[in-house]
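Visitor: Give me the fold of what follows.
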Amino acid sequence: MAVISITNSDLTDIQLMQASMPIKHGGLGIRRAFSLANPAFLASASSTLSPGSNFIESLLHRPSPGLLFVMLLFHRRGIKA
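Guide: Residues are numbered from 1 along each chain as shown. Below you'll find the model as predicted:
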């Protein structure tokens, strides 16, 4: 995690978990890269299409196995897509 290199210190697993918690829960609000990877990919892919096309809607009409897997992961983690 980048916090270790930025602070130049060794952090325990518990300290890393606390750093990734939201500020309102006593953490630093630092997000882990893997939690942002799928939403960032979908946003990037969506932005490359013409303004008239709706990328997400077209995917939902014929979802691929990969998209279904990502949606299942989001559902299990309580993330609204």
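
Visitor: what stretches of the chain score poorly on pLDDT?
Guide: Residue ranges of the chain with pLDDT under 70: 1, 3, 46, 49-63, 79-81.

Visitor: Where do the strands of it begin and end?
Guide: Here the chain has no strands by DSSP state E.

Visitor: Map the structural domains onto the sequence of it.
Guide: The chain breaks down by automatic domain parsing into domains covering 1-31, 32-81.

Visitor: Same list (these) but as TSV, adding mean neighbour count.
Guide: (Each C-beta comes from the backbone N, C-alpha and C, glycine too.) Output for these, formatted as TSV (neighbours: other CB atoms under 10 Å):
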stretch	mean neighbour count
domain 1-31	11
domain 32-81	11
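
Visitor: For H75, see how far away the residue nearest the centre of the chain is.
Guide: The residue lying closest to the centre of the chain (CA atoms, centre = their mean) is L36, at 2.3 Å. L36 sits 17 Å away from H75, going by CB to CB, to the nearest Å.
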